[in-house]
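Engineer: Quick one: sequence plus predicted model below, questions after.
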Amino acid sequence: MDIEDYKNKMKAKLREDFIKNYKNSMAELTVAIGRKDLKSAQDIVHILKNAARLIEETKLANAAEALENLLIDGVRPPGSYMKSLETELKNVLDSLSVSVNIKIPHEALPILEALAPLLQARIADCIEQVPALKNYPEMETLVRQVECCEFKDAIITLQSLMARAKKS
């Protein structure tokens, strides 16, 4: 296994762990702010921000950082900041849930295996696999990533899907 494969596997693992570890963050944050415990609220947002950066979810990290800056200054965040963070967190959790909790039909495995070397080599011909992938609703995220030439993310998604197809 080369370093890129290792990085991709670790990123996939971080994404899976993110769902488990941060799905209740908004509830915890709301409770802390409701108790006027701004230090605990700051800690929650700080940890969420860093976790979002690890999985390269920039919008979520930026929303968390904006909220964190207010909390550092001792300011109770206005609703717009909370709503922004809630929206970004929901988007990330929804996106990750799609790729983590789905069962992949075993017959999709050959398509995924054919796509893997093309993505690894960052060959644009991988777009030719998209019509076959569109036959499987479980592949929606991967299709979007391939169509947008988001090869790094597509490789991670692909590895996760292949692991799930082999378990099915």
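Structural biologist: Sure, I can see it.

Engineer: tell me the phi and psi of Arg35?
Structural biologist: phi -80, psi 0 (degrees, to the nearest 10).

Engineer: Next one, pLDDT for it please.
Structural biologist: pLDDT, Arg35: 93.

Engineer: what's the answer for Met162, then?
Structural biologist: Looking at Met162, the pLDDT reads 80.

Engineer: same thing with Asn101?
Structural biologist: Asn101 carries a pLDDT score of 54 in this model.

Engineer: Could you pick out the longest helix of this structure?
Structural biologist: helix 79-100 (DSSP state H).

Engineer: and the helix or strand just after that one, C-alpha only, in CSV?
Structural biologist: Where DSSP states H and E defines the elements, the next helix or strand beyond helix 79-100 is helix 109-120. In CSV, the C-alpha atoms belonging to helix 109-120 read as follows (Å, rounded to 0.1, in the frame of the first residue of the first chain):
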residue,chain,number,x,y,z
LEU,A,109,-18.3,-4.2,-8.1
PRO,A,110,-16.8,-4.7,-11.6
ILE,A,111,-17.8,-1.2,-12.6
LEU,A,112,-16.1,0.2,-9.4
GLU,A,113,-13.0,-1.9,-10.1
ALA,A,114,-12.8,-0.6,-13.6
LEU,A,115,-13.1,2.9,-12.4
ALA,A,116,-10.4,2.7,-9.6
PRO,A,117,-7.3,2.8,-11.8
LEU,A,118,-8.7,5.6,-13.9
LEU,A,119,-9.4,7.7,-10.8
GLN,A,120,-6.0,6.9,-9.3
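
Engineer: Mind splitting the chain into its structural domains?
Structural biologist: By the assignment in automatic domain parsing, the chain contains the domains 3-100, 106-167.

Engineer: would JSON lines of those domains with mean neighbour count be doable?
Structural biologist: C-beta: built from backbone N, CA, C; applies to glycine. Converted to JSON lines, the domains of the chain look like this (neighbours: other Cβ atoms under 10 Å):
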{"stretch": "domain 3-100", "mean neighbour count": "17"}
{"stretch": "domain 106-167", "mean neighbour count": "17"}
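
Engineer: Which of the ones you listed has the lowest mean pLDDT?
Structural biologist: Here those differ in mean pLDDT, and the lowest is domain 106-167 at a mean of 83.
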